[in-house]
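Undergrad: predicted structure and sequence below. I'll ask about it afterward.
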Protein chains: 2
Amino acid sequence: MQSWVDGHPAEALSIRDRGLAYGDGLFETIAVRGGRPPLLEYHLARLAEGCRRLAIPLDLPLMRTELLAFSAGLGEGVTKLMVTRGEGLRGYAPPPVALPRRILQGAPFPTYAQANAEQGVQLFPCTTRLAEQPLLAGLKHLNRLEQVIARAEWQGSEFAEGLMRDQAGRVIEGVFSNLFVVIDGVLVTADLSRCGVAGVMRAALLDVARAEGIKADVRDLPYDTFLAADEVFLCNSLFGIWPVRSVTGHHWSVGPLTRKLQAIARDLLDI
Amino acid sequence: MQSWVDGHPAEALSIRDRGLAYGDGLFETIAVRGGRPPLLEYHLARLAEGCRRLAIPLDLPLMRTELLAFSAGLGEGVTKLMVTRGEGLRGYAPPPVALPRRILQGAPFPTYAQANAEQGVQLFPCTTRLAEQPLLAGLKHLNRLEQVIARAEWQGSEFAEGLMRDQAGRVIEGVFSNLFVVIDGVLVTADLSRCGVAGVMRAALLDVARAEGIKADVRDLPYDTFLAADEVFLCNSLFGIWPVRSVTGHHWSVGPLTRKLQAIARDLLDI
């Protein structure tokens, strides 16, 4: 499928790009429906925040324009957007004047088992623990070896996602999704100030909760608290919401708040 | 200068390579003198260990052959070697059959101020702390955002290197070098089982110490212990050894063991 580099069709990138050398960049994985990216403002806001924190001087209006044009051409599928700091001198020091590179790749929309959304999923208990790095926490940056080794821990379709915890054992997220629990009617998701990726669907659901008068809280989530939760679900900007029905012998039923938010997520994503 | 991808002259790489997408790969920065890479066996051993731990099925004999041929063509300078897991399916899961990519880039040998080796260097005290991730610790992998943000903390030539500590405040390494101290005649370098890059010059110096009957120890290095050390020096496989003369108001003289090892490092690197 099509791909662009800096607004022009291209399939390759200089091997001197810092995105390759150091993972010095950011990405977004963006659903495209009818030529439009749902949750566009959330994606662009996270990208802007990542550029600010990594001091990558991206031309954000241009990035928006290119993303919209690319997605219009794609029609249906997924646009993967990557931004790197571009080429640099030898060594880690960022170049004094960086020329960030904008990369867009099209892909077909992934096919997920319908049962994931309907009956819920089993979580694989990953032994890979997330390292705590507040300076990078929350960002969707290109340093993703933790996710690669965590995702390599299981094969097959029995487990649709893996559970990731931090070094202290707190529950953080899925390998490619965020996690929410419902405790006494309160929607809770993990604090991502030490590790984790702050997903755009997570942000949208927190906004939805506020708008709907659902009490929501972002806080540390000890493993015991997670196991004792009334409802558990995963979310991301491609599949919306998947209820979680089990992890390592613990079981949950699909609860009413999960179903309510799932319907809202479907509307947000136009699926 | 010249670069090769998979043994052929090339300047670009597919934007679908996992090295770009996730930093899913490893690298080596290798001095080249008279067409030969000093410390060759150390570089290849670290690369092999990295491939083993990340389960990247690299053809190591082919990599060696290409590195030697490339370095012979380069003559004098630095060969940057990168290995990635190659292209993959969408998502973090490593492809069942990975086709790793071998990338070699030539660069001129960097010019360092002669005073660095002679009078020693001042260390910048980086506020960026290394995250603790035992599954990746020691590897020279392509996830290097911590080094990028640490190196961006200072500009100019007053500080030749930056000091990196872990989240608990222990001394680990420099941004692009390893660190040794001498305490009561014992050569000590930080344990890198939780974070840090296990440099090839560090490994070579530990072997040298054993061969020369110098007592050497790899252990945790609390900040106070570091400050109270008799000698402090940095090492890597390009510059050899730089004595450290100060960090944030603490000063050291260049000591006899530093000078002895510096001469040995020069011989190892042919500089």
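TA: Structure's in. What do you need? Numbers count the residues shown, from 1 in each chain, chains lettered A, B, ... in the order given.
Undergrad: so how far is B:Thr248 from A:Gly156?
TA: Look at A:Gly156 and B:Thr248: by CB to CB, to the nearest Å, they are 53 Å apart. (Glycine included, C-beta is placed from N, CA and C.)
Undergrad: next one: A:Cys126
TA: A:Cys126 is 39 Å from B:Thr248, by CB to CB.
Undergrad: thinking again about what came up before, more neighbours, A:Gly156 and B:Thr248?
TA: B:Thr248 (10 against 6; other CB atoms under 10 Å in any protein chain shown).
Undergrad: quick check: the more buried one touching B:Pro125?
TA: Yes: applying CB atoms under 8 Å, one finds B:Thr248 in contact with B:Pro125, separated by 4.9 Å.
Undergrad: buried ones in stretch A:180-199?
TA: By neighbour count with 16 or more other CB atoms under 10 Å in any protein chain shown, stretch A:180-199 contains the buried residues A:180-182, A:186-192, A:194-199.
Undergrad: contacts with chain B among the residues you listed, please.
TA: A:Cys195 (CB under 8 Å from any CB of the partner chain).
Undergrad: in strands, which of the buried residues of stretch A:180-199 appear?
TA: If you go by DSSP state E, the buried residues of stretch A:180-199 have A:Phe180, A:Val181, A:Val182, A:Val186, A:Leu187, A:Val188, A:Thr189, A:Ala190 in strands.
Undergrad: please, where are all the strands along the stretch 101-250 of chain A?
TA: For the stretch 101-250 of chain A, applying DSSP state E, counting those that start in this stretch gives strands covering A:101-107, A:121-130, A:161-166, A:171-174, A:178-183, A:186-190, A:216-219, A:231-236, A:240-247, A:250-251.
Undergrad: possible to save those strands as a markdown table with distance to B:Glu76 and mean pLDDT?
TA: Listed next are the strands of the stretch 101-250 of chain A as a markdown table, based on distance: least, CB to CB, whole Å; pLDDT from 0 to 100:
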| stretch | distance to B:Glu76 | mean pLDDT |
| --- | --- | --- |
| strand A:101-107 | 31 | 97 |
| strand A:121-130 | 42 | 98 |
| strand A:161-166 | 46 | 98 |
| strand A:171-174 | 48 | 98 |
| strand A:178-183 | 51 | 98 |
| strand A:186-190 | 52 | 98 |
| strand A:216-219 | 55 | 98 |
| strand A:231-236 | 50 | 98 |
| strand A:240-247 | 56 | 98 |
| strand A:250-251 | 61 | 98 |
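Undergrad: what does the stretch 151-271 of chain A put close to chain B?
TA: A:Arg151, A:Ala152, A:Gln167, A:Val175, A:Phe176, A:Cys195.
Undergrad: closest one to chain B out of those, please.
TA: Using CB to the nearest CB, A:Arg151 comes nearest to chain B of those, at 3.9 Å.
Undergrad: quick one: contacts for that closest one?
TA: By CB atoms under 8 Å, 6 or more residues apart in numbering or on different chains, the contact list for A:Arg151 reads A:Gly162, A:Val175, A:Phe176, B:Gly91, B:Tyr92, B:Ala93, B:Pro94.
Undergrad: do you know how far A:Met201 is from chain B?
TA: Distance of A:Met201 to chain B, computed by CB to the nearest CB, to the nearest Å: 16 Å.
Undergrad: just list whatever residues bridge to the nearest residue to A:Val247 once chain neighbours are set aside.
TA: Excluding the flanking residues, the one nearest A:Val247 by CB to CB, 6 or more residues apart in numbering or on different chains is A:Leu123, at 4.1 Å. Using DSSP bridges, the bridge partners assigned to A:Leu123 are A:Glu161, A:Val247.
Undergrad: gap between A:Leu123 and chain B?
TA: Distance from A:Leu123 to chain B, counting by CB to the nearest CB: 15 Å.
Undergrad: give me the neighbour count for that residue.
TA: The number of residues packed near A:Leu123 is 25, by other CB under 10 Å.
Undergrad: residue closest to the middle of chain A?
TA: A:Gly199 (4.1 Å; CA atoms, centre = their mean).
Undergrad: that residue against A:Phe176, yeah?
TA: No: A:Gly199 lies out of contact with A:Phe176 (CB under 8 Å); the separation is 9.1 Å.
Undergrad: any shared contact partners between these two?
TA: Joint contacts of A:Gly199 and A:Phe176 (CB under 8 Å, 6+ apart) are A:Asn236.
Undergrad: helices of chain A, start to end?
TA: A:18-22, A:40-54, A:60-74, A:114-118, A:145-151, A:200-212, A:223-227, A:256-269 (DSSP state H).
Undergrad: per-residue pLDDT, A:Met1?
TA: Note for A:Met1: predicted pLDDT of 82.
Undergrad: what's the distance between the closest residue to it other than its chain neighbours and A:Leu74?
TA: Of all residues not flanking A:Met1 in the chain, A:Gly106 sits nearest, at 3.9 Å (CB to CB, 6+ apart). For A:Gly106, the distance to A:Leu74 equals 5 Å [CB to CB].
Undergrad: common neighbours of the two, please.
TA: Both A:Gly106 and A:Leu74 are in contact with A:Met1, A:Gln2, where contact means CB under 8 Å, 6+ apart.
Undergrad: A:Asp230: how many residues sit nearby?
TA: Counted with other CB under 10 Å, A:Asp230 comes out at 16.
Undergrad: and it, what does it touch?
TA: A:Asp230 touches A:Val181, A:Val182, A:Ile183, A:Asp184, A:Trp252, A:Gly255, counting by CB under 8 Å, 6+ apart.
Undergrad: who does the first one bridge with?
TA: When bridges are taken as DSSP bridges, the partners of A:Val181 come out as A:Val188, A:Val232.
Undergrad: ok, now which ones touch it?
TA: So A:Val181 contacts A:Leu187, A:Val188, A:Thr189, A:Leu221, A:Thr225, A:Phe226, A:Ala229, A:Asp230, A:Glu231, A:Val232 (CB under 8 Å, 6+ apart).
Undergrad: with chain B in mind, check whether stretch A:48-59 reaches it.
TA: Yes: residues of stretch A:48-59 contacting chain B under CB under 8 Å from any CB: A:Leu54, A:Ala55.
Undergrad: list the buried ones in that stretch?
TA: A:Gly50, A:Cys51, A:Arg53, A:Leu54, A:Ile56, A:Leu58.
Undergrad: let me see the confidence value for A:Lys80.
TA: Here the pLDDT value assigned to A:Lys80 is 97.
Undergrad: need the contact list for it.
TA: Per CB under 8 Å, 6+ apart, neighbours of A:Lys80: A:Phe27, A:Glu28, A:Thr29, A:Ile30, A:Leu104, A:Gln105, A:Gly106, A:Ala107, B:Arg90.
Undergrad: roughly how far does the last one sit from chain A?
TA: When distance is defined by CB to the nearest CB, B:Arg90 is 5 Å away from chain A.
Undergrad: now do the contacts for that residue.
TA: So B:Arg90 contacts A:Val78, A:Lys80, A:Ala107, A:Pro110 (CB under 8 Å, 6+ apart).
Undergrad: and these, which is closest to A:Val208?
TA: A:Val78 (22.4 Å; CB to CB).
Undergrad: neighbours around the residue lying closest to the closest one once chain neighbours are set aside, how many?
TA: Leaving aside its sequence neighbours, A:Val78 sits nearest to A:Ala107 (CB to CB, 6+ apart; 4.7 Å). A:Ala107: 19 surrounding residues under other CB under 10 Å.
Undergrad: so A:Ala107 sits against A:Phe70, correct?
TA: No: using CB under 8 Å, A:Ala107 is not in contact with A:Phe70; the gap is 12.0 Å.
Undergrad: and for the two, which residues touch both?
TA: By CB under 8 Å, 6+ apart, the residues touching both A:Ala107 and A:Phe70 are A:Thr79.
Undergrad: one step back: could I get the contacting residues of the residue nearest to A:Val247?
TA: Each residue near A:Leu123 by CB under 8 Å, 6+ apart is listed here: A:Phe159, A:Ala160, A:Glu161, A:Gly162, A:Leu163, A:Gly174, A:Val244, A:Ser246, A:Val247.
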